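Based on what follows, work out the 3D shape:
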Amino acid sequence: MKEWEVNEKKLKLEEGNLVLLDVEAVVNAANKNLILGGGVAGAIRQFGGPSIQEECNKIGPISVGEAVITGAGDLKAKYVIHAAGPVFGEGDEEAKLTNATLNSLKIVNEKKLESVAFPAISTGIFRFPLKRCSEIMIKVSMDFLKTEENEYPKEIILCLYGQEAYSVFQGTLEELVD
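Next up, the predicted model:
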């Protein structure tokens, strides 16, 4: 399974490069200083151009678990939502990842955006375990879509970079749906 539907809204899994997706917003797996370094943030900086970092400089720093929105520069998306993910081992990481995901979705709902794409937040240099990340992000996304008051987004894409990440998220989605 790579798609789940509820209330005419979808949660989808895709393998690929987040910055190439045609969605209204992409989520950056950000650090609390909003510096676009490597990984997902580096790809956003590379493909989106310098305007995104310039906007981030006016906003940051933010707390881990918070999310903020900027324009998307030259990306196909209209917006980048910067979700400050936890570094594994810093304490209370699961709650912080839950908040980063939920706060991103709240921004999408407030801005009435139809579609959003997330990476596997904090699983790169922040070393958050992939399996636990998949459980948290999928559950938060499913719960958000199930809640009637949340009209948006109509589609959440969890965009996984590499077959390993995709397989882990697919297995978790199947466990949670069955």
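
just for the protein, where's the confidence low?
Across the chain, the stretches falling below the confidence threshold (pLDDT under 70) are 1.

do that again at 90, thanks
Regions of the chain meeting the criterion pLDDT under 90 cover residues 1-3, 7, 38, 148, 177-178.

Spatially central residue for this protein, please.
Taking Cα atoms, centre = their mean as the criterion, residue 118 is the residue nearest the geometric centre of the chain, at 2.8 Å.

Pull the contacting residues for it.
Under the criterion of Cβ atoms under 8 Å, 6 or more residues apart in numbering, the contact list for residue 118 reads 18, 27, 83, 101, 104, 137, 141, 156, 157, 158, 159. From N, CA and C alone the C-beta is placed, and that goes for glycine too.

rerun at 10 Å
When the contact criterion is Cβ atoms under 10 Å, 6 or more residues apart in numbering, the partners of residue 118 are 18, 23, 25-29, 40, 81, 83, 100-101, 104-105, 137, 140-141, 156-160.

Give me the distance between it and residue 28.
From residue 118 across to residue 28, the span is 10 Å (Cβ to Cβ, to the nearest Å).

Stretch 104-116: end-to-end distance?
Across stretch 104-116, the terminal residues are separated by 9 Å (Cα to Cα, to the nearest Å).

Just the buried residues of it, please?
By neighbour count on 16 or more other Cβ atoms under 10 Å, the buried set for stretch 104-116 is 104, 105, 107, 108, 109, 111, 113, 115, 116.

Repeat that for stretch 139-155.
Here stretch 139-155 shows 140, 141, 142, 144, 145, 150, 152, 153, 154, 155 as buried, counting by 16+ other Cβ under 10 Å.

Output these as JSON lines; include the columns distance to residue 173.
As requested, the buried residues of stretch 139-155 are arranged in JSON lines below (distance: Cβ to Cβ, whole Å):
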{"residue": "140", "distance to residue 173": "13"}
{"residue": "141", "distance to residue 173": "10"}
{"residue": "142", "distance to residue 173": "9"}
{"residue": "144", "distance to residue 173": "15"}
{"residue": "145", "distance to residue 173": "13"}
{"residue": "150", "distance to residue 173": "19"}
{"residue": "152", "distance to residue 173": "21"}
{"residue": "153", "distance to residue 173": "17"}
{"residue": "154", "distance to residue 173": "18"}
{"residue": "155", "distance to residue 173": "15"}
